[in-house]
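Visitor: Turn this into a model:
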Amino acid sequence: MMEVIRYSSDPLNTVKYIKENLGFIEDVTDFEVYSHDEDIPDVYRNVPDVYFINRRREEQPKTYKFILRNRKQEVWLSGPTCGYGGIETEATIEILKLLGVKYDYEKIPREKKIVERNVLVRHDLNLLVCRRENWDSPREKLFKVKMSFKSAERKFKAKSALRQIGDFETLDVLIKSRIFDEVDAYYFRDLDYPTEQETEPYATNTVFIVNQLYSKVPTDLIQEIIEDMAKRYAAKYEFKYN
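Guide: Modelled structure (predicted):
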């Protein structure tokens, strides 16, 4: 039997809910998102939401506009939507990125109804690891790392752990700004999806700058710290020195 998880709140709280429950949501295979109520299938419309106040049973109908589906679950969300620019569509995009769904995210504010099947899901994280003595000094390139995680939750926790020792920047953005060169991304060219629409905190290709506390730490020790983190979250990983 398909498990149905329903959550009804504003877009910001919905994103927070997904972050807090990544461990309970399997990889998405399909998703649907709607702008107009008349396009929403009846099963997702006016669904009774039952609660109790002072021992009295109350019902309030809810309509769900964003549906996530995998082999075992459906997740129904009322806050995120599509079809225009705004916080509701931004929440849809953020949730898709959180869950590792690789997609043309620009379609979300453009389309009034989206039904996607057999979507591509990946949980990769590529790092060009750098350090600098202070924020005015140039970035010193140390090494590159490819990591692939088994789930959205493990990738999310790994990035949270890495933020204890450094900061992420989007590699593609830095290349466009001519701070880095195209050759810096060449090692990561084997991805089977585009990354141009990805930005932090959900970018795949990143520059990871260790903070000033670690600016004098030997490079091999920085590698050891990152390798230990990759092992902790069961990532497949590969290092390359420049």
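Visitor: quick one, what contacts the residue nearest the centre of the chain?
Guide: Taking Cα atoms, centre = their mean, the centroid of the chain lies closest to L98, which sits 2.3 Å from it. Residues counted as contacts of L98 (Cβ atoms under 8 Å, 6 or more residues apart in numbering) are 15, 18-19, 22, 152, 156, 202. Placement of C-beta: from N, CA and C, glycine included.
Visitor: one more time with 7 Å, if that's ok
Guide: 18-19, 152, 202 (Cβ atoms under 7 Å, 6 or more residues apart in numbering).
Visitor: Can you say which of those are buried?
Guide: Buried residues within the contacts of L98, defined by neighbour count using 16 or more other Cβ atoms under 10 Å: 18, 152, 202.
Visitor: would a markdown table of the residues you listed with pLDDT and distance to P109 be doable?
Guide: Putting the buried ones among the contacts of L98 into a markdown table (pLDDT from 0 to 100; distance: Cβ to Cβ, whole Å) gives the following:
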| residue | pLDDT | distance to P109 |
| --- | --- | --- |
| I18 | 97 | 19 |
| A152 | 97 | 23 |
| Y202 | 94 | 17 |
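Visitor: nearest to V145, of the contacts of L98?
Guide: Distance to V145 across these (Cβ to Cβ) is lowest for Y202, with 17.5 Å.
Visitor: What is the neighbour count of the residue nearest to P138 when sequence neighbours are not counted?
Guide: Using Cβ to Cβ, 6 or more residues apart in numbering and skipping residues adjacent in sequence, the residue nearest P138 is R132, 6.4 Å away. For R132, the neighbour count with other Cβ atoms under 10 Å is 15.
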